[in-house]
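A.B. asks: Please find the sequence and the predicted model below.
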Amino acid sequence: MQATGKGQVLTLEHEHGSLWQRNQAGADMFAVISDIHGNLEALEAVLDRIKELDIDEIVCLGDIVGYGPNPMECTDLVAEHCQQKVMGNHDFGVLYEPANFNVGAEQACFWTRQQLLSDTHAQRRRTRTYFLGSAPAKLTHKGMSFAHGSPRRPINEYIFPDDVYSNTNKLASIFERMESFCFVGHTHFAGVFLPDPDFYNPAELGEHFAFDSAERAIINVGSVGQPRDRDPRASFVTVSDNEVKFVRAEYDIQKVIDKIGAVEKLDNFQGERLLEGR
Ligand SMILES: [Fe+2]
């Protein structure tokens with residue numbers, strides 16, 4: 001059934017609520033995480049929650065590093081726990097060249113690069129660099145596509161909720177190239193885009209989205225380590241054969257703020273904004 005408006009999506013979501021219940025055990029489910037940005041406490045909280053849900057397959061949509069104080073630890077944890085990954089613009093910026101970054105982001109990028117390169121354990125340094133650099137720009141998995149930014153420009157293109165009002169041609173062009181569902185991150189705003197075009201945040205969707213409510217959709221999983229949708233909790237999704245569930249996890253934000261404050265090259269604003277999720 002094709003969704004044509006907000007009311008219909010909400011109705012369909014409600015109708016399929018029972019299907020979600022049958023998948024609570026975690027069988028055949030996987031999780032999608034994105035935009036960790038060196039926030040170790042947020043990543044650990046998300047991995048704990050995924051483990052509680054008995055899910056052992058995780059796809060990471062990139063931006064493992066940048067902004068946060070623990071890029072190496074986050075890279076190691078993603079390498080350990082995520083079976084699939086794609087390249088984020090901050091991962092690319094740290095390894096190669098930051099493109100269109102603001103001053104604070106660029107400074108964090110160069111600090112992160114220095115951290116990765118300063119590990120005196122040569123094998124560990126090479127392993128981390130290879131892990132970050134070997135991520136593909138885009139991935140197809142279980143009939144769906146996965147990218148950091150957008151399906152047509154996978155590393156750098158932003159798809160913002162406001163685009164459904166102010167940039168309808170852009171969304172039409174993106175959906176023209178899509179046959180199914182695509183998972184993205186990059187904006188740090190969780191929610192679902194439909195071809196109408198329209199955007200629904202997780203609250204409007206009742207925190208889950210049924211695949212048979214639309215033929216095509218772009219699902220933004222939100223950000224683990226730097227949410228900007230005014231909910232400071234770490235964001236990720238779980239995916240079953242019939243739907244996507246939006247999940248948030250609380251973590252010790254003050255600990256991360258203190259760590260960022262202790263690093264001269266990281267702008268304190270990158271910590272303070274975590275409290276409000278902005
Ligand atoms: Fe990001």
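C.D. replies: Perfect, I can see it now. From a predicted model like this one, the values you see are computed outputs, not experimental measurements. Numbers count the residues shown, from 1 in each chain.

A.B. asks: interface residues of the stretch 1-150 of the chain facing the ion?
C.D. replies: Taking C-beta under 5 Å from the ion as the contact definition, the stretch 1-150 of the chain meets the ion at 35, 63. In short, each C-beta sits where N, CA and C put it, glycine included.

A.B. asks: ranges for the strands of the chain?
C.D. replies: 30-33, 58-60, 84-85, 138-141, 144-147, 181-184, 191-194, 198-200, 208-210, 217-220, 234-239, 243-249 (DSSP state E).

A.B. asks: list the contacts for the residue nearest the centre of the chain?
C.D. replies: By C-alpha atoms, centre = their mean, the mean C-alpha position of the chain lies nearest to S34, the distance being 2.4 Å. Contacts for S34 (C-beta atoms under 8 Å, 6 or more residues apart in numbering) come out as 60-63, 88, 148, 184-186, 221-224, 236.

A.B. asks: again, 6 Å this time
C.D. replies: By C-beta atoms under 6 Å, 6 or more residues apart in numbering, the contact set of S34 is 61, 185, 221.

A.B. asks: residue ranges with poor pLDDT in the protein?
C.D. replies: 1-27 (pLDDT under 70).

A.B. asks: can you pull out the helices in it?
C.D. replies: Taking DSSP state H as the criterion, the chain carries its helices at 6-15, 17-22, 40-52, 71-81, 89-95, 103-117, 122-133, 163-166, 168-176, 253-261, 269-276.

A.B. asks: could the ones you listed go into a markdown table alongside mean neighbour count?
C.D. replies: A markdown table is the format used below for these (neighbours: other C-beta atoms under 10 Å):
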| stretch | mean neighbour count |
| --- | --- |
| helix 6-15 | 15 |
| helix 17-22 | 12 |
| helix 40-52 | 21 |
| helix 71-81 | 19 |
| helix 89-95 | 25 |
| helix 103-117 | 18 |
| helix 122-133 | 14 |
| helix 163-166 | 14 |
| helix 168-176 | 15 |
| helix 253-261 | 17 |
| helix 269-276 | 18 |
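
A.B. asks: And those: which comes nearest D212?
C.D. replies: D212 lies closest to helix 6-15 among the helices of the chain, at 7.5 Å (C-beta to C-beta).

A.B. asks: Just to check, E57 is in contact with M29?
C.D. replies: No: counting by C-beta atoms under 6 Å, M29 is not a contact partner of E57; they are 7.7 Å apart.

A.B. asks: Show me what counts as buried in stretch 62-73.
C.D. replies: 62-72 (16 or more other C-beta atoms under 10 Å).

A.B. asks: Between those, which sits nearest E243?
C.D. replies: G62 (23.6 Å).

A.B. asks: need the contact list for the residue nearest to that closest one when sequence neighbours are not counted.
C.D. replies: Spatial nearest neighbour of G62, chain neighbours left out: G88 (2.6 Å); criterion: C-beta to C-beta, 6 or more residues apart in numbering. Contacts for G88 (C-beta under 6 Å, 6+ apart) come out as 62-63, 148.

A.B. asks: quick revisit: farthest pair within the buried residues of stretch 62-73?
C.D. replies: With distances taken as C-beta to C-beta, the most widely separated pair in the buried residues of stretch 62-73 is G62 and P69, at 18.8 Å.
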